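*Asks:* Below are the sequence and a predicted model; questions follow.
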Amino acid sequence: MGEDYFEYRHTVGFEETNLVGNVYYVNYLRWQGRCRELFLKQKAPDVLADVQDDLKLFTLKVDCEFFAEITAFDELSIRMRLAELGRTQLEFSFDYVKVDGDGTETLIARGRQRIACMRGPNTATVPSLIPEALARALEPYTARGRTPVGRAS
C-alpha cells in the first residue's frame with residue numbers, strides 16, 4: 001500500500017476547525033503545501049537546495065473538492081500523486097483520506113495543485129525546465145486512478 005503516492009499523515013487539531021467544529025477549508029490547502037514540502041525534504045533534497053538558491057516553485061492553481069466532513073482528532077492520510085509532468089510545469093493530485101482506528105479508509109476530499117518552475121530574480125523571473133532531480137524523485141508517484149474504500153461512485 002502507498003507505492004504510487006507520497007503520504008503525509010496528519011491529526012486534525014482544534015485550531016484547524018471552525019465555530020461548529022468542522023475543519024476550515026483553508027487547512028486543506030495548507031496540508032497540500034505541507035505535503036509538497038515534506039516530499040522535497042525527504043525525496044528530493046537536491047531540489048530543496050536548488051529552491052534555496054534561485055529555483056522558484058510558483059503555485060499557479062489550487063483546488064479542492066469536498067465529499068465528507070472531518071473534525072478535531074480525526075486521523076488523515078494526505079496522498080500526493082503526480083498527475084502531469086510537463087517541461088516547465090507539473091500538477092499534483094491529492095487524496096485526503098480519513099483513517100479510522102480499525103483501518104477503514106474514507107475519501108473525504110480530493111485536490112489538485114499546478115506548479116510552474118521559474119528562475120531568476122523576483123523582478124525578472126523566467127520559466128525554467130523542471131530539474132532532472134525532481135523528475136526522477138516524482139517517477140514512483142504517477143497517478144494510476146486508485147480509489148480508497150468508502151468513495152461514493
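*Replies:* Perfect, I can see it now.

*Asks:* How about residue 72: what's its closest non-neighbour residue?
*Replies:* For residue 72, ignoring the flanking residues on the chain, the nearest one in space by Cβ to Cβ, 6 or more residues apart in numbering is residue 14 at 4.9 Å. (C-beta placed from N, C-alpha, C; glycine too.)

*Asks:* Likewise for residue 3?
*Replies:* Nearest in space to residue 3, with sequence neighbours left out and distances taken as Cβ to Cβ, 6+ apart, is residue 140 at 6.8 Å.

*Asks:* what about residue 6, how many neighbours?
*Replies:* 23 (other Cβ atoms under 10 Å).

*Asks:* contacting residues around it?
*Replies:* Under the criterion of Cβ atoms under 8 Å, 6 or more residues apart in numbering, the neighbours of residue 6 are 35, 38, 39, 42, 43, 79, 80, 81, 141.

*Asks:* pLDDT weak spots in the protein?
*Replies:* Across the chain, residues meeting the criterion (pLDDT under 70) sit at 1-2, 143-153.

*Asks:* Can you say which helix or strand has residue 36 in it?
*Replies:* Secondary-structure assignment from DSSP states H and E places residue 36 in helix 26-43.

*Asks:* Only alpha carbons, please: show that helix as PDB.
*Replies:* C-alpha atoms of helix 26-43 as PDB (Å, rounded to 0.1, in the frame of the first residue of the first chain):
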ATOM      1  CA  VAL A  26      -8.100  26.700   4.000                       C
ATOM      2  CA  ASN A  27      -6.400  24.000   6.000                       C
ATOM      3  CA  TYR A  28      -6.900  21.500   3.100                       C
ATOM      4  CA  LEU A  29      -4.700  23.900   1.000                       C
ATOM      5  CA  ARG A  30      -2.200  24.300   3.800                       C
ATOM      6  CA  TRP A  31      -1.900  20.500   4.000                       C
ATOM      7  CA  GLN A  32      -1.200  20.300   0.300                       C
ATOM      8  CA  GLY A  33       1.700  22.700   0.700                       C
ATOM      9  CA  ARG A  34       3.000  20.800   3.700                       C
ATOM     10  CA  CYS A  35       2.800  17.500   1.800                       C
ATOM     11  CA  ARG A  36       4.800  19.100  -1.100                       C
ATOM     12  CA  GLU A  37       7.400  20.500   1.300                       C
ATOM     13  CA  LEU A  38       7.900  17.100   3.100                       C
ATOM     14  CA  PHE A  39       8.200  15.400  -0.300                       C
ATOM     15  CA  LEU A  40      11.000  17.700  -1.300                       C
ATOM     16  CA  LYS A  41      12.700  17.300   2.100                       C
ATOM     17  CA  GLN A  42      12.500  13.500   2.100                       C
ATOM     18  CA  LYS A  43      12.600  12.500  -1.600                       C
END
